[in-house]
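Chemist: have a look at this prediction, sequence included:
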Amino acid sequence: QVQLVESGGGLVQAGGSLRLSCAASGSIFRINTMGWYRQSSGKQRELVAAISNGGSTNYADSVKGRFTISRDNAKNTLYLQMNSLKPEDTAVYYCNADDITTLLGRRSLDVWGQGTLVTVSS
């Protein structure tokens, strides 16, 4: 069974940086597009950034120029480097993979991690 596990969240002061990681496990052959989403209290989950298997990226306007998404396909790991953090970036950050194929050819669609909390103090 495929699984996504996030790490790297925590408490940081405004202007600081954090790096989130998301490790995929489960005899994985290929992961299509991966993304970071976030959900703050009372709000809907929103896309922060996404990256295709080939490395094409897109970002929410609110994080452009501050956040960088990347992935290591050999390690099946997704990253989010967050710089110049603002209090409004406070949220639970979730990792998502839209299509995972295992070595046995099984596919899992729309896979989510459990989330990691990022708190930015002013």
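Modeler: On my side now, so go ahead. Numbers count the residues shown, from 1 in each chain.
Chemist: bridged to the closest residue to N58 other than its chain neighbours, which residues?
Modeler: Distances taken as CB to CB, 6 or more residues apart in numbering put A50 closest to N58, at 5.5 Å, once the chain neighbours are dropped. Where C-beta positions appear, they are placed from N, C-alpha and C, glycine not excepted. Here A50 sits in beta bridges with G35, N58, going by DSSP bridges.
Chemist: for Q3, same thing?
Modeler: S25.
Chemist: got a pLDDT number for it?
Modeler: Looking at Q3, its pLDDT reads 97.
Chemist: gap between the residue nearest the centre of the chain and A91?
Modeler: In the chain, the residue lying closest to the centroid (CA atoms, centre = their mean) is W36, at 3.0 Å. Distance of W36 to A91, given as CB to CB, to the nearest Å: 10 Å.
Chemist: same deal with G55?
Modeler: To A91, G55 is 25 Å away according to CB to CB.
Chemist: what's the answer for A14, then?
Modeler: 14 Å.
Chemist: these two: who's more crowded?
Modeler: Remark: of A14 and A91, A91 carries more neighbours, 22 against 13, as counted by other CB atoms under 10 Å.
Chemist: quick check on that one: phi, psi?
Modeler: Dihedral pair for A91: phi -180, psi 170, per degrees, to the nearest 10.
Chemist: now the most far-flung residue of the chain relative to its centre. Nearest residue, chain neighbours left out?
Modeler: Note on the chain: the largest C-alpha distance from the chain mean falls to L104, namely 25.5 Å (CA atoms, centre = their mean). Residue nearest to L104 in three dimensions, not counting chain neighbours: S27, with 6.9 Å by CB to CB, 6+ apart.
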